[in-house]
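sequence-free structure coming up:
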């Protein structure tokens, strides 16, 4: 856990970016207001985490999962966040699935490339052996001619 209360605050750059995205262009915010929003956001995150942890403990788990967070939002009476959170979760899962499939495809392609290079190597080895045989035959023929 954090040693100082300040350690629990979210990074100012993140808070500033979120605030700028939420406000219309041309609207400024004071340092005091930014600090207050940062503290409020930190308190919200800590409270949501605590509530979600309670659901995980009821399930005799140590790992929080998405359903714990959604249940916490409902318990905290933030029902209007549940639908956007579910949509964001689905988008995240689709993105992760796409990344996993792309990674697997890349691995398959790499394996195919490696497999296709191996026969080429054996062909090269066969060619080397053929060249050696031809050289030996030529030497034998030269020796026979000399004899």
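Now that the structure is in, tell me what you want to look at. All values derive from a computational prediction rather than experimental measurement.

what's around residue 50, how many residues?
Using other C-beta atoms under 10 Å, residue 50 is surrounded by 11 other residues. Quick note: C-beta positions are derived from backbone N, CA and C, even for glycine.

Also the one 5 residues further on?
Residue 55 is flanked by 19 other residues according to other C-beta under 10 Å.

Please determine how far residue 8 is located from residue 78.
Noted for residue 8: a distance of 20 Å to residue 78, by C-beta to C-beta, to the nearest Å.

swap in residue 34?
From residue 34 over to residue 78 the distance is 23 Å, taken as C-beta to C-beta.

go on, residue 114?
The gap separating residue 114 from residue 78 is 52 Å, by C-beta to C-beta.

ok, the two, which is more surrounded?
Ranked by neighbour count (other C-beta under 10 Å), residue 114 and residue 78 place residue 78 first, with 15 against 9.

Which residue would you name as the spatial centre of this structure?
Nearest to the mean C-alpha position of the chain, by C-alpha atoms, centre = their mean, lies residue 96 at 6.8 Å.

ranges for the helices of this protein?
Assigned by DSSP state H, the helices in the chain fall at 12-22, 31-58, 66-75, 79-146.

ranking those by burial, who's on top?
Comparing these by mean neighbour count (mean count of other C-beta atoms under 10 Å), helix 66-75 ranks first with a mean of 17.

Mind giving me the packing neighbours of it?
helix 31-58, helix 79-146 (3 or more C-beta pairs under 8 Å, 6 or more residues apart in numbering; DSSP states H and E).

Now stretch 93-106: average pLDDT?
Average pLDDT, stretch 93-106: 90.

Can we start the residue count at 429 from this point?
Yes, from this point I'll number from 429; that puts the last item at stretch 521-534.
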